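Asks: pasting the sequence and the predicted model now:
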Amino acid sequence: MLKKTPFVIAFFLEFAVSACTKAFNKKEWAEDVGELGGSDKVLMAEDLVKSHQLLGVNNRQLIQLLGSPTNYTDTTKTCYTLSEKYDMIDPISGKDLVIQFNKDSVIISAKIEEWHKP
C-alpha cells in the first residue's frame, strides 16, 4: 500500500490543479460574455497567465487573440474584464486580466487582479 501512496497523491494533485484552470480557447473566449459572479474567462485567463502564452505578443496579436479590450487601455497597459459581481446597479467586485506593454507594444507581463469596492 505504501508504494502506491505517492502515485495516488500525484494523481490527486494533477486532478486538483487541472480542475482549477481551463485551456484557452479563442472561440469560447469570444462567446463568453460572462455571468454575474464568474465565467470561464477567469479560468482561461489563468491558463494564459500560468503558461506565459501572452509574453512577447504584440498589441495587434493580442487583439486578434482576445478581441478589443473591455476595460481600461493606454500605451503601456490594457485590461480585460473577466467577471463582475453587482449590488443592485453598481459593480462591487470583479477580476480583470491586466496586461503591461513595453515601449514597442510587446507584452512584458500579464496577471489577474481582483478588486473590491471600498
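Replies: Done, it's in.
Asks: give me the neighbour count for Ile112.
Replies: Neighbours of Ile112 under the rule other C-beta atoms under 10 Å: 16. From N, CA and C alone the C-beta is placed, and that goes for glycine too.
Asks: that one in helix, strand or coil?
Replies: strand (DSSP: H, G, I helix; E, B strand; the rest coil).
Asks: okay, the residue sitting nearest the centre point of the chain and Lys103: tell me how far apart.
Replies: The centroid of the chain falls nearest to Ala45 when counting by C-alpha atoms, centre = their mean (1.9 Å). Relative to Lys103, Ala45 is positioned 25 Å away (C-beta to C-beta, to the nearest Å).
Asks: likewise for Thr76?
Replies: Distance from Thr76 to Lys103, by C-beta to C-beta: 8 Å.
Asks: swap in Ala110?
Replies: Separation of Ala110 from Lys103 (C-beta to C-beta): 17 Å.
Asks: give me the more crowded residue out of these two.
Replies: Shown here are Ala110 and Lys103; by other C-beta under 10 Å, Ala110 has more neighbours (21 against 8).
Asks: does the closest residue to the more buried one other than its chain neighbours belong to a helix, a strand or coil?
Replies: Closest residue in space to Ala110, ignoring its immediate chain neighbours: Leu54 at 4.5 Å, by C-beta to C-beta, 6 or more residues apart in numbering. Under three-state DSSP, Leu54 falls in the coil class.
Asks: just to check, Leu54 is in contact with Leu48?
Replies: Yes: using C-beta atoms under 8 Å, Leu54 is in contact with Leu48, at 5.5 Å.
Asks: and for Gly56, the neighbour number?
Replies: 10.
Asks: for Lys22, which non-adjacent residue is spatially closest?
Replies: Closest to Lys22 by C-beta to C-beta, 6+ apart is Leu43, at 3.7 Å.
Asks: state the helix or strand in which the one you found lies.
Replies: Using DSSP states H and E, Leu43 sits in helix 40-50.
Asks: what mean pLDDT does that helix have?
Replies: Helix 40-50 carries an average pLDDT of 94.
Asks: other SSEs contacting that helix?
Replies: helix 26-31, strand 77-87, strand 90-101, strand 107-116 (3 or more C-beta pairs under 8 Å, 6 or more residues apart in numbering; DSSP states H and E).
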